[in-house]
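S.K.: Take this sequence and fold it.
(one chain, ligands or ions: 1)
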Amino acid sequence: MLDDVKIDQSALTTSLASPGIQAAMSRARSTLGHALCLCNGSPSKLQIRLRDNKLHLAVWPNEGLLHHRECLFFRDEINEEARSHALTQKTPSDPNERPAYDSHDARHDLKIHHFFHLGNARADAPSSYEPISLRRLIDMLWIDGSLTRWHPDWTRDWMRTRYELTKAASRYSISGIPLEKMLFIPGANNLHTSPNSPNPWDEFVHTVLQGDGHTPGTGLLVAPIRQVSIKDRQRMSFLPRLMTEEIHLTDRCSDYIERTCSGSLHHLWLQNKGCRDYDGQISIKAMHNLPAVIGIFHVELGRQGVFSRAAHLLSVHPGNFIPASSVFSVRLIDALCDGGYTFERIKGFGKDAALRTPSWLVRNVFDPTGKIVPRAALDVVHHHSEPQYIQERKNLAAALADKGVPTWSWHPVGNPSFGPFPHLPPHARSSDLDAKTKMALIRLTPEVVYSYGNTTKGSN
Ligand SMILES: [Zn+2]
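M.R.: The predicted model follows:
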């Protein structure tokens, strides 16, 4: 709301600079001094600021949490901080300073930084390109595509995921080439092929990877993986789902995957061999909780087909593709979805990410004292974790408590696929009585602690 003119939020992203909107902002600035956001029923104030000769709207300091979760002006300093570490440049220290829209003319230009080009890779890159690893790129596509988040009204399958990834890709370019032009994500139509029309992958290989005849092209492939096999020596080949052609990894790339993505490799191995119960039978229940594996490959065309010098694997929930590094995470996601919660997986970046960012945030729940809070942190800490990691998670819970955020901490014991899932923090929709009962059950569950700061049961 500007002065007394109502403006749709989508117009702010597409036509902020239009004379009509600028004039309305200018009027509102001189009369009221601020704009109002009506996303949540009760109006929230917005700042009107002049920057680069254009008026912009910005969230009122410390009011980001008052906006609707899907509003452009929703801010939570906890995930804003994680996000600001995703890219090294253009990161304002004040989260309220981030422009409230993503203008489409400002693509973020990146240069893929192969993990083994250590040393002078940065020096080679033109200064306007930001070097990025595939690991970070896939995380950013997931964050920008809202694939790390969940709202109870949403549904998501691979085709939806593919659509969101393609949209997220349009915010980036790689060495000047729009990312979506060099990106292939297999869809259902990729397996339908006829003599007259090549399938989309063949076309991608022909147009993108063959290059212009002088210089060979490169591309990116993001796909769920069906199978991994070991070829001559230690070289790996991955067969993506919805595709019939394998991607061959170079020695160095195979070595990197083996060292860095061992968890995801293990998930693929279990998918192919089957998770076995204690009696040696393949367990359907355990198979159901197994994360699916997504691969990102920097691909080129070689003599023996398509090969990859750089790749990374990401384990995700098999149904909604939210990042899930373990069976525990898959079960947590299932419990949150079944309970109708709004939640998100926070991807921390940088070395001390574990000290700064909780892995999960759930919105609108009762806190341990029976008060409704805008968010609580969720944490899964296995008993076998390194003592140093356990200590870091404790320190993080203490830091979050200082910000008024309680932590629900699950310390699973035994076979991760079996046993009842512990109670989550009660949803704000619950009745007081229901919330009190659930809280009492949480206190009785030995594997779970829900408190401000102290994540260990039975100690002070
Ligand atoms: Zn709003």
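S.K.: could you list every residue that touches the residue nearest to G274 when sequence neighbours are not counted?
M.R.: Nearest residue to G274, sequence neighbours excluded (C-beta to C-beta, 6 or more residues apart in numbering): I282, at 3.9 Å. Where C-beta positions appear, they are placed from N, C-alpha and C, glycine not excepted. Counting by C-beta atoms under 8 Å, 6 or more residues apart in numbering, I282 makes contact with G274, C275, R276.
S.K.: Can you classify I21 as helix, strand or coil?
M.R.: The local conformation at I21, judged by DSSP: H, G, I helix; E, B strand; the rest coil, is helix.
S.K.: Distance check, it against S44.
M.R.: Distance from I21 to S44, counting by C-beta to C-beta, to the nearest Å: 19 Å.
S.K.: about what we covered before: as JSON lines, the contacts of I282 with pLDDT would be great.
M.R.: Formatted as JSON lines, those follow (pLDDT from 0 to 100):
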{"residue": "G274", "pLDDT": "77"}
{"residue": "C275", "pLDDT": "75"}
{"residue": "R276", "pLDDT": "74"}
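S.K.: who's in contact with L268?
M.R.: Counted by C-beta under 8 Å, 6+ apart, L268 has contacts I225, Q227, V228, V293.
S.K.: Looks like the second one contacts L239 (just checking).
M.R.: Yes: because the distance of 4.4 Å satisfies C-beta atoms under 8 Å, Q227 is recorded as touching L239.
S.K.: Next one: the residue of the stretch 351-460 of the chain found nearest the ion, what pLDDT does it get?
M.R.: Nearest residue of the stretch 351-460 of the chain to the ion, counting by C-beta to the ion: P374, 13.9 Å away. Model confidence at P374, given as pLDDT, is 93.
S.K.: how much space between the residue nearest to G274 and the ion?
M.R.: From I282 over to the ion the distance is 49 Å, taken as C-beta to the ion, to the nearest Å.
S.K.: go on, A292?
M.R.: Taken as C-beta to the ion, the span from A292 to the ion is 34 Å.
S.K.: And for that residue, the neighbour number?
M.R.: Neighbourhood size, A292 [other C-beta atoms under 10 Å]: 22.
S.K.: Next, the closest residue to it other than its chain neighbours: phi, psi?
M.R.: When the adjacent residues along the chain are set aside, A292 lies closest to P318, with 4.1 Å between them (C-beta to C-beta, 6+ apart). The phi/psi pair for P318 (degrees, to the nearest 10) reads phi -70, psi -20.
S.K.: Secondary structure class of N189, three-state.
M.R.: Relying on three-state DSSP, one would call N189 helix.
S.K.: Now do the strands in the stretch 251-400 of the chain.
M.R.: For the stretch 251-400 of the chain, applying DSSP state E, counting those that start in this stretch gives strands covering 292-302, 305-316, 343-345, 360-366, 372-380.
S.K.: I'd guessed L147 sits against A324; true?
M.R.: No: L147 lies out of contact with A324 (C-beta under 8 Å); the separation is 11.5 Å.
S.K.: re the thing from before, quick check: pLDDT value at the residue nearest to A292.
M.R.: On the pLDDT scale, P318 gets 96.
S.K.: do D4 as well
M.R.: 71.
S.K.: how near is it to A58?
M.R.: From D4 to A58 the distance is 21 Å (C-beta to C-beta).
S.K.: Same question for I112.
M.R.: In terms of C-beta to C-beta, I112 sits 33 Å off from A58.
S.K.: What ranges in the stretch 1-150 of the chain fall below the confidence cut-off?
M.R.: Applying pLDDT under 70 to the stretch 1-150 of the chain picks out residues 3, 81-106, 114-129.
S.K.: just checking, what packs against the longest helix along the chain?
M.R.: For the chain, the helix with the greatest residue count under DSSP state H is helix 387-402. In terms of contacts (3 or more C-beta pairs under 8 Å, 6 or more residues apart in numbering; DSSP states H and E), helix 387-402 is packed against helix 353-356, strand 372-380, strand 407-410.
S.K.: In ChimeraX, select just the buried ones from the contacts of L268.
M.R.: The ChimeraX selection below is limited to those of those classed as buried (16 or more other C-beta atoms under 10 Å):
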select :225,228,293
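S.K.: which ones are touching the nearest residue to M1 once chain neighbours are set aside?
M.R.: Spatial nearest neighbour of M1, excluding adjacent residues (C-beta to C-beta, 6+ apart): L36 at 4.1 Å. Residues in contact with L36, defined by C-beta under 8 Å, 6+ apart, are M1, P43, S44, K45, L46.
S.K.: if we take these, which one ends up nearest to the ion?
M.R.: S44 (5.6 Å).
S.K.: I'd like to know how many residues surround that closest one.
M.R.: Neighbours around S44, by other C-beta under 10 Å: 20.
S.K.: Quick check: it vs C261, distance?
M.R.: With C-beta to C-beta as the criterion, S44 and C261 are 43 Å apart.
S.K.: Check L396 too.
M.R.: 25 Å.
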